[in-house]
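S.K.: please work out how this folds:
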Amino acid sequence: VWTDQEKSLLTAAATTTTIACFASPSGVNGWLQNFPNAQEKGVLAVCIGETSAEACRNLNWKENSIFYPEKPGIDGWAQSVLDALDSVEEKSSGNVVPAGRGDKVTLE
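M.R.: Numbers count the residues shown, from 1 in each chain. Now for the predicted structure:
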């Protein structure tokens, strides 16, 4: 059970979250139960594999905001986190934003 102070800290952290990492579809569901509309607020989802990525799609995450490896696993997941971080950096510089697994999309 969370204290009110812990809940307050978590809520504050969630409102400034840029990237959320998911190891399972239930993690995606749990995140959105606690922080509704994160996907609409531009939070990027980094998933361990296709199953978690599919859960994000089913919960209205945009495809270009979902990052996941071709093959599930820790190494690929770590690379997907780096890809998402690159996306944030590139977006803030106004250049290009990678769509999920490395395809580039030019901002207009």
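
S.K.: next one: phi and psi at Lys71?
M.R.: phi -110, psi 130 (degrees, to the nearest 10).

S.K.: correction: Asn37
M.R.: phi 70, psi 20.

S.K.: pLDDT value on it, please?
M.R.: Asn37 carries a pLDDT score of 78 in this model.

S.K.: show me the helices in this structure, by range?
M.R.: Under the criterion DSSP state H, helices of the chain are mapped to 4-15, 25-34, 50-58, 74-93.

S.K.: give me the angle between the shortest one and helix 25-34.
M.R.: Same thing as helix 50-58. 30 degrees (axes from the mean of the first three to the mean of the last three Cα atoms, to 10 degrees).

S.K.: quick check: buried residues in helix 50-58?
M.R.: For helix 50-58, the neighbour count (16 or more other Cβ atoms under 10 Å) marks 52-53, 55-57 as buried. In this view, the C-beta of every residue, glycine as well, is placed from N, C-alpha and C.

S.K.: do the same with the last one
M.R.: Buried residues in helix 74-93, counted by 16+ other Cβ under 10 Å: 76-77, 79-80, 83-84, 87, 91.
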